[in-house]
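Asks: Need coordinates for the following:
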Amino acid sequence: MSAAPPPPPESAATSGGGGGSDSDKVLAAAQHIVKSLATSKNAADDMIRILSGFDNRLSSITAGLFPSPDLSSSAEPPEISISSAAAFDAAEQLILLWDATPEALVFEAHEEDIAQYLTAVDVAVEHLARGGAGAGRAGVAVQLAMARLEEELRHHMVRHAVPLDPTGLCFSLRRLSLGSFDDLDFDAATPHSVDATPETSRGGPLVSPFDDHAFDPVRPEAVDDLRAIADRMARAGYARELADAYCNIRRDLLDEYLSVLGVERLSIDEVQRVEWKQLNDKMKKWVQGVKTVVRVLLAGERRLCDQVLAVSDELREECFVESTKGCIMQILNFGDAVAVCPRSPEKLSRILDMYEALAEVIPEMKDLCLGSSGDGVISDVQAILDRLGEAVRGTLFEFGKVLQQESSRRAMTAGEIHPMTRYVMNYLRLLVVYSETLDGLLDDDGDESNALERPEDKDQDTEHLEGMTPLGRRLLKLMCYLEANLEDKSKLYEDAALECIFSMNNLLYIVQKVKDSELGKILGDHWVRRRSGKIRQYSKSYLRISWMKTLSYLRDDVHGSGGGSGSGSGSGHSGSRMSIKEKFKNFNLSFEEIYRNQTLWKVPDPQLREELKISISENVIPAYRAFLGRYGSQVDGGKNSGKYIKYTPEDLESQLSDLFEGSPGSANHSRRRT
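Replies: Sure, this is the predicted structure:
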């Protein structure tokens, strides 16, 4: 341990306290200690021990010079109880004393020591402001004090920063968990997987764990100290240094918060190289992140600025904008990158989510960014919102082009619902979820949407366009493209009856999806009635095409002469019997061919399937029963009669029940009528 420094000479005592007094001796000792601090680290340690051995005399004197102040932002420097010169001398010595111990922190000392140091700073600043002979010394003291306060501001803000808990920031965004366009697939191997996508509905108000307690980025107990530092720096003319230190610390901490939220710093090139699955996840996080950033982080930064920088409205606004600008730009850069990415239909849902999230928080951002300093930030946010809106319009336009140009030549072998139909209808139903947003974005629809070629609309749906919303008109147009595309695909079938089944299945699916969703309200009853009428027409066409030939064998006018119902004799009787046998034989062959083919066909809707079977039965069974009753006796009992009369009406009824199930029938075609 080094020896204690010798007592200072009497001449070293400051003036203004009275010769030989305890005040003079203590201040002279303090001056001597300060001069010796530069010698070694041990000297500083010795100083602390020496000061503690003054029997509290220094403490009592400095307490008299610097009574404990109110540290709130509105507190004025306390009134000094002795002469101004003596007060400055004591203040200078205290500032120098702390400056000589950089490893010690004022704001980690006792409250009494903090209060005395702040009062010393106030005295030095006031002395500098008065000018005069001591202005040079006051300037040095103030400069040293400001440097220390700046460092203590940095340390205090970092040490008392509140860490962000990512689990506590898990917002309840219902739409994100209830399906989106990325769940849809044009080439789905199992079409029913698309139907399994739950219907998306708009969620309720955003749920935040911070609704009851706002997120404070700095622990409340540290705020008074930070405000006390900011007040002194601003009043001493160090507002620029204060702003730089404050903004640098807050920027770094906000960067850490964004990292916790999973909002990455990505360039446009990096975003465009990301695979869709990964980009989809990043877009989901962005939607959550932008709301969290504004409602939690920026709101917290706003409160912190208001509390810590209350000394100056101008400083408060400048620091809020500068400290949060990097965080906001990181959010906006990702939005901008997504907006300029190549457009594809599956991205539309996520882009709409991003558009709505940003549009939702803009009013809140305007409330946070007060004054002209925030105008530039709001302008940047609005520009990204506009670009996202343009991306929505462009993506929807691309979807229409895809729908028009989709030209797969793969016919559905069983006439079932085409995967494209499932995809498009689920896509359109999801669009309705965003109806309010899309109505606004499509309201000023320009040349791009009109560039889509309109298919011939035989149903004159354009009569209803004027009374429809912008989204309704676009949906109607997309529906026309879908129907035209399906009509082209129906021409792939060589069997005209299967063509009718395909058209019936797909149009019924479309109508059901419309009726069971908001699409029905948008397109209207008129649209539904016309399509329902088309389904009935397809049903009638199927019956005519598929069964007309088969039923023709059961008509009386088909056979030749001598074909009466009685039992004639001679050649006429023989010719009549042969003709009847031929008709039974042809009916059996025709019916069995239909059975063999159409049991493999699919009608997924149980009601339509049952209605078709009933219609077939009502046409076939009575005709067969009547024919069998008139002519069965001419064949029955004869040689090989079972070859011609193979079925009872009940047998046919049973076999008809196997149609449209999509699997081979199990009927025994050789069954003998009993």
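Asks: ok, residue 147 - how many residues close by?
Replies: Residue 147: 14 surrounding residues under other Cβ atoms under 10 Å. Placement of C-beta: from N, CA and C, glycine included.
Asks: Against residue 288, how distant is it?
Replies: 42 Å (Cβ to Cβ, to the nearest Å).
Asks: what's stretch 294-312 in contact with?
Replies: 73-74, 169, 206, 208, 210, 214-218, 223, 226-227, 230-231, 234-235, 239, 246, 250, 254, 257, 315-317, 319-320, 323-324, 327-328, 361, 364-365, 368 (Cβ atoms under 8 Å, 6 or more residues apart in numbering).
Asks: buried residues in that stretch?
Replies: Buried positions in stretch 294-312, judged by neighbour count with 16 or more other Cβ atoms under 10 Å: 294-305, 307-312.
Asks: Residue 549 is in contact with residue 591, correct?
Replies: No - in this structure, residue 591 is not within contact of residue 549 by Cβ atoms under 8 Å, at 10.5 Å.
Asks: which one of these two has more residues nearby?
Replies: With neighbours defined as other Cβ under 10 Å, residue 591 and residue 549 compare such that residue 591 has more, 22 against 14.
Asks: Could you list the low-pLDDT ranges of the stretch 451-600 of the chain?
Replies: 451-465, 557-575 (pLDDT under 70).
Asks: now the helices for it?
Replies: 470-490, 496-515, 519-552, 570-598 (DSSP state H, counting those that start in this stretch).
Asks: would you turn these into a markdown table with distance to residue 407?
Replies: Putting these into a markdown table (distance: least, Cβ to Cβ, whole Å) gives the following:
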| stretch | distance to residue 407 |
| --- | --- |
| helix 470-490 | 8 |
| helix 496-515 | 16 |
| helix 519-552 | 23 |
| helix 570-598 | 27 |
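Asks: Quick check: which of the ones you listed is nearest to residue 630?
Replies: helix 570-598 (9.0 Å; Cβ to Cβ).
Asks: Flag every buried residue along the closest one.
Replies: Result for helix 570-598 [16+ other Cβ under 10 Å]: buried residues 573, 575-577, 579-581, 583-588, 590-592, 594-595, 598.
Asks: how does this protein divide up, domain by domain?
Replies: 10-159, 166-178+204-393, 419-545, 553-656 (automatic domain parsing).
Asks: where among those domains is the average confidence lowest?
Replies: If you rank those by mean pLDDT, domain 10-159 sits at the bottom with a mean of 68.
Asks: Please give the element, helix or strand, for residue 121.
Replies: Taking DSSP states H and E as the criterion, residue 121 maps to helix 111-130.
Asks: State the phi and psi torsions of residue 602.
Replies: When read as degrees, to the nearest 10, the backbone of residue 602 gives phi -120, psi 130.
Asks: any idea how far it is from residue 657?
Replies: Residue 602 is 15 Å from residue 657, by Cβ to Cβ.
Asks: So for those two, which residue has more residues nearby?
Replies: residue 602 (20 against 15).
Asks: In helices, which of the buried residues of stretch 294-312 appear?
Replies: 299-305, 307-308 (DSSP state H).
Asks: Pick out whichever of those sits closest to residue 511.
Replies: Nearest to residue 511 among these, with distances taken as Cβ to Cβ, is residue 299, at 48.1 Å.
Asks: my guess is residue 153 meets residue 229, correct?
Replies: Yes - counting by Cβ under 8 Å, residue 229 is a contact partner of residue 153 at 4.8 Å.
Asks: More neighbours: the two, which one.
Replies: Legend: neighbour count by other Cβ under 10 Å for residue 153 and residue 229, higher for residue 229 (28 against 23).
Asks: What distance do you get for the more buried one to residue 249?
Replies: From residue 229 to residue 249 the distance is 12 Å (Cβ to Cβ).
Asks: what is in contact with those two at once?
Replies: What both residue 229 and residue 249 touch, as defined by Cβ under 8 Å, 6+ apart, is the set residue 153.
Asks: Is it correct that residue 547 is in contact with residue 594?
Replies: Yes - counting by Cβ under 8 Å, residue 547 touches residue 594, with 7.4 Å between them.
Asks: tell me the angle the helix or strand harbouring residue 148 makes with helix 111-130.
Replies: Here residue 148, judged by DSSP H and E, is contained in helix 135-159. Relative orientation of helix 135-159 and helix 111-130, computed by axes from the mean of the first three to the mean of the last three Cα atoms, to 10 degrees: 140 degrees.
Asks: what's the angle from helix 135-159 to helix 299-308?
Replies: The directions of helix 135-159 and helix 299-308 differ by 150 degrees, with the same axes, to 10 degrees as the criterion.
Asks: Need the contact partners of helix 135-159.
Replies: So helix 135-159 is in contact with 88, 91-92, 95-96, 98-99, 105-107, 120-121, 124-125, 127-128, 218, 222, 225-226, 229-230, 232-233, 236, 238, 241-242, 245-246, 248-250, 253, going by Cβ under 8 Å, 6+ apart.
Asks: Give the buried residues for that helix.
Replies: Those would be 138, 140-146, 148-150, 152-153, 156-157, for helix 135-159 by 16+ other Cβ under 10 Å.
Asks: what does stretch 406-415 give?
Replies: 406, 411-412, 414-415.
Asks: So what would you say the end-to-end distance of that stretch is?
Replies: 19 Å (Cα to Cα, to the nearest Å).
Asks: any idea which element the residue nearest the centre of the chain lies in?
Replies: Nearest to the mean C-alpha position of the chain, counting by Cα atoms, centre = their mean, stands residue 287 at 3.8 Å. Using DSSP H and E, residue 287 falls within helix 276-292.
Asks: Spatially nearest residue to residue 239 (excluding sequence neighbours)?
Replies: residue 315 (5.6 Å; Cβ to Cβ, 6 or more residues apart in numbering).
Asks: Assess the claim that that neighbour and residue 240 are in contact.
Replies: No - Residue 315 is not in contact with residue 240 according to Cβ under 8 Å; the separation is 9.5 Å.
Asks: More neighbours: which of those two?
Replies: The neighbour comparison of residue 315 against residue 240 (other Cβ under 10 Å) goes to residue 315, with 21 against 11.
Asks: and the angle from the helix or strand hosting the more buried one to helix 299-308?
Replies: Here residue 315 sits within helix 313-339, counting by DSSP H and E. Counting by the same axes, to 10 degrees, helix 313-339 lies at 170 degrees to helix 299-308.
Asks: what's the spacing between helix 313-339 and its chain's center?
Replies: Relative to its chain's centre, helix 313-339 lies at 20 Å (Cα atoms, centre = their mean, to the nearest Å).
Asks: Over to stretch 536-555?
Replies: 53 Å.
Asks: For it, give me every contacting residue.
Replies: Residues outside stretch 536-555 that contact it (Cβ under 8 Å, 6+ apart): 496-497, 500-501, 503-504, 507, 558, 583-584, 586-587, 590-591, 594, 598, 611-612, 615-616, 619-620, 623-624, 626-627.
Asks: Quick one, which of the contacts of helix 135-159 are buried?
Replies: The neighbour count (16+ other Cβ under 10 Å) marks 88, 91-92, 95-96, 98-99, 105-107, 120-121, 124-125, 127-128, 218, 222, 225-226, 229-230, 232-233, 236, 238, 241-242, 245-246, 249-250, 253 as buried among those.
Asks: Flag every buried residue along stretch 353-361.
Replies: Under 16+ other Cβ under 10 Å, the buried positions of stretch 353-361 are 353-359, 361.
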